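Asker: no sequence on hand, only this structure:
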């Protein structure tokens, strides 16, 4: 059994040992820049832990785990263009540091490199892995498109929002776990349960991210709160408040969410006060716990000893503990 | 044996029978729009013909052939953003008809769909197919990056230019042929020779495209000539003329290629006159024939009867016949 730290080291090494691509530098420098930036490497870790939990050798899951991390970073690169984000993990985004064309093309190349890594998996497992990987990649794009649509829509339902974060965030976490399970030779039922575990966990994780963006401790959370509010993002917090709010508060919400020119700090303070008026912190906390409990039920349905499953439970707790 | 027309119909049907993706419409409408546009479907045809020539069943190559066509259209979609092209096959490009973000995201989705199609190939062949496909996808991105670099460089060599068109255009034609051969169970030597055939043919094909862009018959060629000159593209014609030109003509070339504001027609006429002064039409014709003859040698090295190879020869002639 490898410890989490050992698995993390495997991931770091695998990313460092990617085939040396260097020319044309204009294409590959932004890729190195992106992959060097670190981040939590959560998705590949889920894949390796899952492989180990299901009795497989995590080294066999390493190419696919690496593929997942490269794919994830590719999506961030293109999302940052679309969202016109200037910063990612405290550094200039690729389209800012270079330009949009470079960010498009370097991203495309990363997508291809990701599939190249996936193809290093056991040939017998490859068709199954390709199915999960391509389906997930398509869904992540769908999620991003819904996110774009919602920005311009006055008519976003809570169900629609949950489906968007499921596609944009949760399915890749779910796929990471399933990919580990497939490589370990888990049966279809187990693969399906671990996927559902990841999907529910992922929704809880994203909702918590929304909550922390509004109410997190800036010191602990590591980024400025209120970003979603400034960007007029219709998160769960906004949609649920809207559902509960008086006509007067709805009008104020709508008016505040339709501008970008006013003083940001005043806007955040006023919106948070409206959110608090309807108890949105605890309402959101409840729905997070709902999804988290669903995830735990999915995990409980997997016929392995509690001891074997402990690393997954511990990862899940780690993902959500910032909230408790 | 299926005729070319029958194979073309298989390709058209396969593209029509893609899984019905419809929501979100903002993502999938641009994809349908792109794939409906037709085009010659040359790459999937090369894959099917190659499969048949090597004694395989073209139906087995159909998923991979479909993947190649979707991939090719994805690259066009992103290239059109990068090149700021307003039109493609006489219709608005996706980023013009929708917007850049849509074109990025729909393109990404097509890339994923392409891999999803590829994964429907015979599982035993999948690892080999993935190797060719991912390597090729990476090279096509490299080619596009070199093309971007060359636009801003005063120091492009003829070898560098040939390498750029090899990556940007030829390797995908080569890969299409190789993929057909792999699926038909051709041995490594045959796969390598058919790849080289495609690579040399592809370089000849692109050089001819450059030539026709400058000197083609607008009626026959179907698009306005002089486009590369107006866009200041340093094609083989420009680079070879530069090599031969007097100091005076070099200065004139450089000056004409550094502006975009002057009268386009006058510019094209003047550049063509300089090109003609150095016999660039026949010089380019010679180098095209060089690559074409190399391709024919590669084909001759494949141990199949002349009769079996005839369909490949006929396709190759068809690709270049516009020039003769």
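Answerer: Structure's in. What do you need? What you see is a predicted model, and the numbers here were worked out from it, not measured in a lab.

Asker: got the contact list for stretch A:124-139?
Answerer: Surrounding stretch A:124-139, the residues in contact under the criterion CB atoms under 8 Å, 6 or more residues apart in numbering or on different chains are A:64, A:67-68, A:71, A:111, A:115, A:118-119, A:121, A:167, A:171-172, A:174-175, A:178-179, A:182-183, B:21, B:108-109, B:111-113, B:115-116, B:118-119, B:123, B:126-127, B:130. In this view, the C-beta of every residue, glycine as well, is placed from N, C-alpha and C.

Asker: 6 Å instead, please
Answerer: Applying CB atoms under 6 Å, 6 or more residues apart in numbering or on different chains, the contact partners of stretch A:124-139 are A:64, A:118, A:121, A:167, A:171-172, A:175, A:178-179, A:182-183, B:109, B:112, B:115-116, B:119, B:123, B:126-127.

Asker: these in helices, which ones?
Answerer: A:64, A:118, A:171-172, A:175, A:178-179, A:182-183, B:109, B:112, B:115-116, B:126-127 (DSSP state H).

Asker: most neighbours out of those, which is it?
Answerer: When neighbours are taken as other CB atoms under 10 Å in any protein chain shown, the top entry among the ones in helices among the contacts of stretch A:124-139 is residue A:179 (33 neighbours).

Asker: helices along the stretch 201-324 of chain A, start to end?
Answerer: Taking DSSP state H, counting those that start in this stretch, the helices of the stretch 201-324 of chain A run over residues A:218-221, A:227-230, A:236-244, A:247-256, A:264-277, A:280-300, A:306-320.

Asker: ok, the stretch 51-200 of chain A next?
Answerer: Read by DSSP H, counting those that start in this stretch, the stretch 51-200 of chain A holds these helices, from start to end of the chain: A:58-82, A:94-97, A:100-118, A:126-151, A:158-165, A:171-183, A:188-215.

Asker: pick the most deeply packed of those.
Answerer: Compared across the helices of the stretch 51-200 of chain A, helix A:171-183 shows the largest average neighbour count, a mean of 29 (mean count of other CB atoms under 10 Å in any protein chain shown).

Asker: now do it: distance to the chain's middle.
Answerer: Centroid displacement of helix A:171-183 relative to its chain, using CA atoms, centre = their mean, to the nearest Å, is 13 Å.

Asker: and what of stretch A:151-168?
Answerer: Here the centre of mass of C-alpha atoms in stretch A:151-168, compared against the chain's by CA atoms, centre = their mean, lies 16 Å away.

Asker: quick one: residues in contact with that stretch.
Answerer: Contacts of stretch A:151-168 from elsewhere in the structure, counted by CB under 6 Å, 6+ apart, are A:139, A:142, A:143, A:144, A:146, A:147, A:150, A:203, A:206, A:234, A:239.

Asker: so who does the second one touch?
Answerer: For residue A:142, the contacting residues are residue A:167, by CB under 6 Å, 6+ apart.

Asker: how is chain A carved up into domains?
Answerer: Split into domains by automatic domain parsing, chain A comes to A:1-185, A:187-324.

Asker: any chance of those domains in CSV, plus mean pLDDT?
Answerer: Output for those, formatted as CSV (pLDDT from 0 to 100):
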stretch, mean pLDDT
domain A:1-185, 95
domain A:187-324, 91
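
Asker: contacting residues around residue A:301?
Answerer: The neighbours of residue A:301, taking CB under 6 Å, 6+ apart as the test, are residue A:193.

Asker: on that earlier part again, TSV for the domains of chain A, including distance to residue B:90?
Answerer: Listed next are the domains of chain A as TSV, based on distance: least, CB to CB, whole Å:
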stretch	distance to residue B:90
domain A:1-185	24
domain A:187-324	39
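
Asker: quick one: closest of those to residue B:17.
Answerer: Closest approach to residue B:17 among those (CB to CB): domain A:1-185, 17.0 Å.

Asker: chain center to the closest one, what's the gap?
Answerer: 9 Å.

Asker: please apply the same query to stretch A:197-207.
Answerer: Between the centre of stretch A:197-207 and the centre of its chain there are 9 Å (CA atoms, centre = their mean).

Asker: now swap in stretch A:255-270 and tell me
Answerer: Taking the mean of its C-alpha atoms, stretch A:255-270 sits 27 Å from the chain's own mean (CA atoms, centre = their mean).

Asker: what residues sit buried inside it?
Answerer: By neighbour count on 16 or more other CB atoms under 10 Å in any protein chain shown, the buried set for stretch A:255-270 is A:256, A:257, A:267, A:268, A:270.

Asker: for it, which outside residues touch it?
Answerer: In this structure, residues lying in contact with stretch A:255-270 by CB under 6 Å, 6+ apart are A:226, A:229, A:230, A:232, A:271.

Asker: contacting residues for the fourth one?
Answerer: Remark: with contacts taken as CB under 6 Å, 6+ apart, residue A:232 is in contact with residue A:257.

Asker: how close does it get to residue A:250?
Answerer: 15 Å (CB to CB, to the nearest Å).

Asker: re the thing from before, residue A:101: which of the ones in helices among the contacts of stretch A:124-139 is nearest?
Answerer: Comparing these against residue A:101 with CB to CB picks out residue B:109 as the nearest, at 19.5 Å.

Asker: ok, the closest one touching residue A:141?
Answerer: Yes - distance between residue B:109 and residue A:141: 4.3 Å, which falls inside the contact criterion (CB atoms under 6 Å).

Asker: quick one on the thing from earlier: closest to residue A:55 among the ones in helices among the contacts of stretch A:124-139?
Answerer: In terms of CB to CB, no member of the ones in helices among the contacts of stretch A:124-139 lies closer to residue A:55 than residue A:183, at 10.8 Å.
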